[in-house]
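Asks: how would this look folded up:
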Amino acid sequence: MLQLLCFSAVILSASPQFLPLNDAMERIIYGTVVDISDFPYQVALVSRRNNRKRIICGGALVKPRVVFTAAHCTHTRNDEERENLSVLVGANHVNDPDGVFHEIDTVMKHPDFSYHELDNDFSVITLKEPVEYSDKARSIDISNADHDGGTVATISGWGRTEYGTPSKYLRATKLTVENWDKCQDYFPGVFHPKITRNMICVRPSRTTTYFGDSGGPLVVDGKLIGLVSFGRKVGGEKKTTVFTRVRNFLDFVEEVVPGF
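Replies: Model (predicted):
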């Protein structure tokens with residue numbers, strides 16, 4: 001079953017015990033959390049309705065006023081821009097007193113994105129005011145390198161856990177990049193999307209992204225390489241995830257954010 005990995009509600013849970021980054025990464029899906037100071041580039045797209053705040057997606061801060069995320073996070077199936085969105089930075093959870101909400105100035109979806117093919121799943125958000133950098137909020141560099149199968153990457157977000165409910169607190173895990181020519185094997189059906197060169201996939205694992213993690217950053221050696229797009233189960237409890245290959249969209253970014 002194909003899954004766009006977006007739109008989770010935020011629920012309450014007990015206050016976590018933060019673990020050092022290297023200890024938490026191996027078992028984040030099973031109840032541990034990470035601190036935003038280890039992932040200061042991670043942002044949340046928050047929907048506000050009837051005084052309720054809900055994290056629907058993640059994103060990556062790449063400049064003080066520029067956020068990258070997935071197009072299906074910013075636009076509906078009717079190609080309408082989602083309303084009542086803001087960007088939360090420097091926060092471990094939606095009600096974190098240290099977090100800062102930023103109003104959105106513009107949202108620019110890649111013109112060739114469609115929910116049918118899921119290619120070009122990329123949007124650029126500009127903020128009305130720049131983010132003030134700190135140990136909890138800082139931009140990430142973008143990788144221009146190729147990453148072969150076997151490369152270990154990290155992903156973070158507030159999506160659902162193995163219990164089927166979204167996490168209140170920021171979580172992270174390690175994933176292994178798959179060779180690109182192997183990716184289509186995980187989507188063999190005629191109704192599955194074509195895996196294009198704009199996509200990166202990871203090897204199936206029990207530990208992976210889930211609903212609510214869309215738009216979140218895939219990172220290798222401290223640099224951004226991808227954004228969570230979609231995924232599916234691949235037998236048993238294992239899942240694979242497909243990411244938007246960020247470097248392929250830098251020309252588009254330059255067009256919509258001159259001087260980027």
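Asks: can you tell me, leaving aside adjacent residues, what's nearest to the residue nearest in space to the middle of the chain?
Replies: Nearest to the geometric centre of the chain sits Gly216, at 1.1 Å (C-alpha atoms, centre = their mean). Distance criterion C-beta to C-beta, 6 or more residues apart in numbering; nearest residue to Gly216, sequence neighbours excluded, is Gly58 at 3.3 Å. Where you see a C-beta, it was placed from the backbone N, CA and C, and this is true even at glycine.
Asks: isn't that neighbour right up against Leu170?
Replies: No - contact status for Gly58 versus Leu170: not in contact, 9.2 Å apart, counting by C-beta atoms under 8 Å.
Asks: these two: which is more packed in?
Replies: Neighbour comparison, Gly58 and Leu170: the larger count goes to Gly58, with 31 against 25 (by other C-beta atoms under 10 Å).
Asks: just the element for that one, please.
Replies: strand 52-63 (DSSP states H and E).
Asks: C-alpha coordinates for the helix or strand just after that strand, CSV please?
Replies: Later in the chain than strand 52-63, the nearest helix or strand by DSSP H and E is strand 66-69. Only the C-alpha atoms of strand 66-69 are listed here, as CSV (Å, rounded to 0.1, in the frame of the first residue of the first chain):
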residue,chain,number,x,y,z
VAL,A,66,14.2,29.6,3.4
VAL,A,67,12.7,26.2,4.2
PHE,A,68,12.6,23.1,1.9
THR,A,69,9.7,20.6,2.2
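Asks: buried residues, the strand holding Gly58. List them.
Replies: Across strand 52-63, burial judged by 16 or more other C-beta atoms under 10 Å covers Arg54, Ile55, Ile56, Cys57, Gly58, Gly59, Ala60, Leu61, Val62, Lys63.
Asks: repeat for stretch 174-182
Replies: Buried, per 16+ other C-beta under 10 Å, within stretch 174-182: Leu175, Val177, Glu178, Trp180.
Asks: rank these by pLDDT and give me only the lowest.
Replies: Looking at the buried residues of stretch 174-182 by pLDDT, the weakest one is Leu175, with 90.
Asks: let me see the ranges of the helices in the stretch 51-200 of the chain.
Replies: Listed in chain order, the helices of the stretch 51-200 of the chain (DSSP state H, counting those that start in this stretch) span 71-74, 180-183.
Asks: for the stretch 51-200 of the chain, give me the ranges with low pLDDT.
Replies: Across the stretch 51-200 of the chain, the ranges flagged by pLDDT under 70 are 159-166.
Asks: switch to 90 and redo it
Replies: 51-52, 54, 146, 148, 157-169, 171-174, 189-192 (pLDDT under 90).
Asks: tell me where it has strands.
Replies: 52-63, 66-69, 85-89, 100-109, 123-127, 141-142, 152-157, 171-176, 199-201 (DSSP state E, counting those that start in this stretch).
Asks: pretty sure the residue nearest to the centre of the chain is touching Gly59, no?
Replies: Yes - if you go by C-beta under 8 Å, Gly216 and Gly59 touch, sitting 7.2 Å apart.
Asks: residues contacting the residue nearest to the centre of the chain?
Replies: Gln42, Cys57, Gly58, Gly59, Ala60, Ile155, Ser156, Gly157, Gly159, Thr209, Leu227, Val228 (C-beta atoms under 8 Å, 6 or more residues apart in numbering).
Asks: hmm, which two among the residues you listed are most spread apart?
Replies: Ala60 and Gly159 (15.1 Å; C-beta to C-beta).
Asks: related to what we said a few turns ago, nearest to Asp38, of the strands of the stretch 51-200 of the chain?
Replies: Per C-beta to C-beta, nearest to Asp38 of the strands of the stretch 51-200 of the chain: strand 171-176, 7.7 Å.
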